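Visitor: Next come a sequence and a model predicted from it.
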Amino acid sequence: MNNNTSSIVSKVWSFCNPLRDVGVGYGDYLEQLTYLLFLKMADEYTRPPYKRQMNIPKAYDWESLVSKKGAELELHYSTLLRELSTQKGILGQIFTKSQNKIQDPAMLAKVIDMINSENWLVMGADVKGDIYEGLLEKNAEDVKSGAGQYFTPRALIRAMVECVRPQPLKTIADPACGTGGFFLAAYDYLVANNKLDKAQNTFLKNQTFFGNEIVAGTRRLALMNLFLHNIGDIDGDNFISPADALIAASPETYDYVLANPPFGKKSSQTFTNEEGELEKDDLTYNRQDFWATTSNKQLNFVQHIRSMLKTTGQAAVVVPDNVLFEGGAGETVRKKLLETTDLHTILRLPTGIFYAQGVKANVIFFDNKPASKDPWTKVIWVYDYRTNIHHTLKKNPLKLEDLNDFIACYLPENRHKRKEAYHPETNPDGRWRKFTYNEITSRDKTSLDLTWLKDKSLADLDNLPDPEDIAADIIENLEAGLENFREVLLKLNLKS
């Protein structure tokens, strides 16, 4: 990072603490930066050498902001946000439900001056992107904001992309894209590992990525995050839909789906009853293309993702443990997935890596296949990166190198030449093991919750994990239990 870049990063971050002191959190600061950066960069595009026509009304453009101070600025900024939220295209999406969260006019003026003092278009995408990604991660760490549920650990995303190895001129989708982490990692991989010609670069920028994000604020952050990383254009098409991906089959099919659908088992909607009270109702998606009808959100996403793939499409999806062992609809979905796709790899993840607490998750990798009378899945390879592994978000966060052994075992260059690491006699601690289709289908409920390693903390009292790790595990289990109690309480309240 050169001195100029470093000074810009310092400027952007210098406002975090003063704003927090007056009640403006990372999330609110991030939103205001998004609005202001968008307007400033749109203004830069109207000037030489670009001289582009922007569809931003003159009364509410960047120049209209920098010329005002004090109460007049605060009033104009609030009006500007409201007016731009009614515009069409990506402009309207960026400003949807926007509000002024910086109530101090002097502080607002300082942030505007800071943004106005830089020429943002001449900066490298990596610089602008790093600034924004840094703020997104800080916001995810802020427990009160709840933003962690939309932020997948970047090390995990990069490992998934390293295994899938997306190719140029192929489409990539994420039906619950959050702030766009999978798109950014795939973009970086494609640029770093290919000498792209002009046509490939254009396709990568404008025709590669497609997503859904139903939360307006998160969708706004995703659009800006991608744009700052040179994906899409300021006046181009909006390729992140606000629609609920599960409502209907995708109108298009894709080469790759990389996703971490939202945690929480139930899909639900909130509505007002006849007495004017808010109630929650479990959502069941009645889709003809689904194998099982269920209100289990995770199982619905797995079914939907399979339906989004081209016949030759590949998927890597983060799923909670219940998807691997739950009966009823869960068993039906697993059996159909084994039959219609090649579900070739499962990565068991440790606790303590997600910002949302109480999560025990896995990554499933599967390749879609054409119709066949015989099951496509022959062997499932499982890498256990959970047993005897302890991570925490601050003291021991997950890093890409932690997953290097998994990537090596996955053998992305030719996964059909994999070698098993586990052996019951010579290597009982091997984390990489294969299971045949017959072994899986003979298990109760066709369970994919496959374990074989011994938990050393239970067997060896002299080698207990650090107290902090034990405490983190207890907190995770308690919070998972509390979530189940909340669901039970909600159902009892609805019945009464």
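Guide: Structure's in. What do you need? Numbering: from 1, shown residues only.
Visitor: Please export the C-alpha coordinates of stretch 432-451 as CSV.
Guide: The C-alpha trace of stretch 432-451 is given here as CSV (Å, rounded to 0.1, in the frame of the first residue of the first chain):
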residue,chain,number,x,y,z
TRP,A,432,-10.0,-37.1,4.5
ARG,A,433,-12.1,-40.1,4.0
LYS,A,434,-14.5,-41.5,1.3
PHE,A,435,-17.8,-43.2,1.6
THR,A,436,-19.6,-45.2,-1.1
TYR,A,437,-23.1,-44.6,-2.3
ASN,A,438,-24.2,-47.9,-0.8
GLU,A,439,-22.6,-47.1,2.6
ILE,A,440,-24.6,-43.8,2.6
THR,A,441,-27.9,-45.1,1.6
SER,A,442,-27.7,-47.9,4.2
ARG,A,443,-27.5,-45.3,7.0
ASP,A,444,-30.5,-44.3,8.9
LYS,A,445,-32.4,-41.5,7.0
THR,A,446,-29.6,-41.5,4.4
SER,A,447,-27.6,-39.4,6.9
LEU,A,448,-24.7,-37.4,5.5
ASP,A,449,-23.6,-36.4,9.0
LEU,A,450,-20.4,-38.5,8.7
THR,A,451,-17.8,-38.6,11.6
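Visitor: which outside residues touch it?
Guide: Stretch 432-451 is touched from outside by 321, 324-327, 330-331, 334-335, 338, 346, 348, 364, 375, 377-384, 387, 406, 409, 418, 420-422, 452, with contacts defined as CB atoms under 8 Å, 6 or more residues apart in numbering. Just so you know, the C-beta spots here come from the backbone N, C-alpha and C atoms, and that holds for glycine as well.
Visitor: Kindly recompute the last result at 6 Å.
Guide: 324-325, 327, 331, 334-335, 375, 377-383, 409, 420-422 (CB atoms under 6 Å, 6 or more residues apart in numbering).
Visitor: what's the answer for stretch 172-190, then?
Guide: 136, 150, 152, 157-158, 161, 166, 204, 208-213, 218, 221-222, 225-226, 229, 231, 245, 254, 256-259, 261-262, 308.
Visitor: Just the residues you listed: which are in strands?
Guide: 209-212, 254, 256-259 (DSSP state E).
Visitor: returning to what we had before: can you tell me which of the contacts of stretch 432-451 are buried?
Guide: Those of the contacts of stretch 432-451 that meet the buried threshold are 324-325, 331, 334-335, 375, 377, 379-383, 409, 421-422, by 16 or more other CB atoms under 10 Å.
Visitor: now, which of those residues lie within strands?
Guide: Using DSSP E, those in strands are 379-383.
Visitor: Determine which two of those are furthest apart.
Guide: 379 and 383 (13.6 Å; CB to CB).
Visitor: What residue spans form the domains of the protein?
Guide: Split into domains by automatic domain parsing, the chain comes to 3-134, 151-176+245-477.
Visitor: As JSON lines, those domains with distance to residue 186 and mean pLDDT would be great.
Guide: Shown next, in JSON lines, are those (distance: least, CB to CB, whole Å; pLDDT from 0 to 100):
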{"stretch": "domain 3-134", "distance to residue 186": "14", "mean pLDDT": "87"}
{"stretch": "domain 151-176+245-477", "distance to residue 186": "5", "mean pLDDT": "88"}
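Visitor: for this structure, what spans make up the strands?
Guide: Going by DSSP E, the chain shows strands at 172-174, 209-212, 240-241, 254-259, 268-272, 278-282, 309-320, 341-348, 361-368, 379-384, 432-436.
Visitor: among those strands, which is nearest residue 26?
Guide: Per CB to CB, nearest to residue 26 of these: strand 240-241, 21.5 Å.
Visitor: If you average the pLDDT over that closest one, what comes out?
Guide: For strand 240-241, the mean pLDDT works out to 93.
Visitor: hang on, the earlier thing: output the ones in strands among the buried ones among the contacts of stretch 432-451 as a markdown table; include the columns distance to residue 85.
Guide: Listed next are those as a markdown table, based on distance: CB to CB, whole Å:
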| residue | distance to residue 85 |
| --- | --- |
| 379 | 52 |
| 380 | 48 |
| 381 | 48 |
| 382 | 48 |
| 383 | 46 |
